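[1] Mind folding the following:
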Amino acid sequence: MVLCLALAGCSVSQPGPGPTSGVPALWRELIDQALADPTISDFQRQVLADYRVTDAEYQVARQKFAQCMADAGWLVTFPNPDGGFSVDAAPGSGKDPADPFADVDRCQATTLNYVEQVYLGMRDNPGGVPAAQQIRDCFKRNGVPDGAGMSDDAFERMIADPNYHASTPAGKLCYWDPTGSLGLTEDDAVELDANRRVFGPSESPT
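    Numbers count the residues shown, from 1 in each chain. This is a model prediction of the structure:
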């Protein structure tokens, strides 16, 4: 028990805000999910513990991913300053240049998986507007007819379907870069859509 007397000028400090203070629900829930994942790497757990990802932490995550891939015989380059990467077989590695997927999945799981989602998401969507709503708003701005008249839940199910592909190039761009923050073109989006196994929605730069 703490006993204070007014004449003594005693004060009781109050606990400061926790790490989730001010974090929008969308990102708080994603980070909660990440931290509850029993397979999350120690590195990602440490980065996400304060419910933020700094520029420096993101760059370290990318470096760790590139090193993991290099150890497996791949060369990784980052053509954009943030989000996305390309993979080539290292000379003499004997790797099939068309089949980096197993190593990409393994290396992402310990380095970039959650960190990139949180970093790019909180940077480009600080208010935590759900991705489905961002895509729907983009569709409306660009006259894309997909999902017109659907409820929000039905629309979200539609774009989450792995067999769904937007009906127009503008729609594909909305799907991959709904806010325009990545600077993708319609041609970029069409290519990404055609190779969704490489960069699925959960793995995309958005």
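
[2] Domain map for this structure?
    Annotated domains of the chain cover 22-128, 129-206 [automatic domain parsing].

[3] weakest of the ones you listed by average pLDDT?
    Lowest mean pLDDT of the domains of the chain: domain 129-206, a mean of 86.

[4] Just send the domains of the chain back as JSON lines, with mean neighbour count too.
    From N, CA and C alone the C-beta is placed, and that goes for glycine too. JSON lines is the format used below for those (neighbours: other CB atoms under 10 Å):
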{"stretch": "domain 22-128", "mean neighbour count": "16"}
{"stretch": "domain 129-206", "mean neighbour count": "16"}
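
[5] L48 and I135, how far apart?
    Distance of L48 to I135, given as CB to CB, to the nearest Å: 25 Å.

[6] again, but for D71
    Separation of D71 from I135 (CB to CB): 36 Å.

[7] would you list every one of the helices in this structure?
    25-36, 42-48, 55-71, 101-110, 113-124, 131-141, 152-160, 169-176, 186-194 (DSSP state H).

[8] which other residues reach the second one?
    Outside of helix 42-48, the residues within contact range by CB atoms under 8 Å, 6 or more residues apart in numbering are 31, 34-35, 53, 57, 61, 64, 110-111, 113-115, 118.

[9] just those now: which is nearest C174?
    Relative to C174, the closest of the contacts of helix 42-48 is V118; by CB to CB it sits at 22.2 Å.

[10] ok, and the closest non-adjacent residue to that closest one?
    V53 (5.0 Å; CB to CB, 6 or more residues apart in numbering).

[11] Surely the one you found touches Y119?
    Yes: using CB atoms under 8 Å, V53 is in contact with Y119, at 3.9 Å.

[12] Dump the helices of the chain into a markdown table; add distance to G92 as well.
    Below are those laid out as a markdown table (distance: least, CB to CB, whole Å):
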| stretch | distance to G92 |
| --- | --- |
| helix 25-36 | 37 |
| helix 42-48 | 29 |
| helix 55-71 | 13 |
| helix 101-110 | 16 |
| helix 113-124 | 29 |
| helix 131-141 | 41 |
| helix 152-160 | 41 |
| helix 169-176 | 34 |
| helix 186-194 | 29 |
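
[13] Thanks a lot, see you next time.
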